[in-house]
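Got a sequence here, can you model it:
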Amino acid sequence: MRLPLFFLMASLTACGSASAPDTARADAGNLTSAKAAPVKSAAPAKGQPPLAFVQCGTCHQTKPGQNGIGPSLAGVYGAKAGHVGDFAYSAPMRASGLIWDEATLDKFITNPRAQVPGTRMSYAGLRDEGQRAEIIAYLKTL
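Now for the predicted structure:
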């Protein structure tokens, strides 16, 4: 499932808006030792991708046979790397011998180029363990 571009843009533009009222900035200055609580993503509705998946959807489709910049992620869990026959994977990805299970996906999503040196996937990686777990749980449903 691809999320609309306006959703992504709205998410990005909502952060750190320069038009925030001066009172909000003044109030923020009164907090001396308060720490921001970690942001937790809401559990997605059944069958819906987690919010962290938005970045994956930029390049990947989730329906079989529908490739984007990257291959379709349909059926990726449990499959061998390079399993989408009509996608032009890099030679290192095809030769990696990886099977996309929880541990392999977690390591790959953390840092794709460290897991498969020479991959064409230009994604820098996702450091948040909880978000990676949500993405992997979603990939299992595809």
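
Distance-wise, check Gln115 relative to Leu98.
8 Å (C-beta to C-beta, to the nearest Å). All C-beta atoms are positioned from the backbone trio N, CA, C, and that covers glycine.

Equivalent analysis for Val116, please.
To Leu98, Val116 is 7 Å away according to C-beta to C-beta.

next one: Ser72
Ser72 is 17 Å from Leu98, where distance means C-beta to C-beta.

Would you mind telling me which of these two has more residues around it?
Ser72 (20 against 17; other C-beta atoms under 10 Å).

pretty sure that one is touching Gly57, no?
No - counting by C-beta atoms under 8 Å, Ser72 stays clear of Gly57, with 11.6 Å between them.

any weak-confidence spans in this protein?
Within the chain, the segments meeting pLDDT under 70 span 1-46.

Apply 90 and report the result again.
1-48 (pLDDT under 90).

Next up, the contacts around Asn111.
Residues near Asn111 by C-beta atoms under 8 Å, 6 or more residues apart in numbering: Ala124, Gly125.

Can you verify my assumption that His83 contacts Tyr77?
No - if you go by C-beta under 8 Å, His83 and Tyr77 don't touch, sitting 10.8 Å apart.

Find the residues that touch each one of those two.
The contact sets of His83 and Tyr77 do not overlap (C-beta under 8 Å, 6+ apart).

on that earlier part again, can you work out which residues contact both of Gln115 and Leu98?
Counting by C-beta under 8 Å, 6+ apart, the contacts common to Gln115 and Leu98 are Thr104, Phe108.

What segments of this protein are helices?
Using DSSP state H, the helices of the chain run over residues 5-14, 22-29, 54-57, 91-95, 102-110, 112-115, 129-139.

Could you report the neighbour count for the closest residue to Pro112 other than its chain neighbours?
Excluding the flanking residues, the one nearest Pro112 by C-beta to C-beta, 6 or more residues apart in numbering is Met121, at 4.7 Å. Neighbourhood size, Met121 [other C-beta under 10 Å]: 19.

residue contacts, the residue nearest to Val76 when sequence neighbours are not counted?
Nearest residue to Val76 in three dimensions, chain neighbours excluded: Trp100, at 5.2 Å (C-beta to C-beta, 6+ apart). For Trp100, the contact set (C-beta under 8 Å, 6+ apart) comprises Val76, Tyr77, Gly78, Ala79, Lys80, Ala81, Phe108, Leu139.
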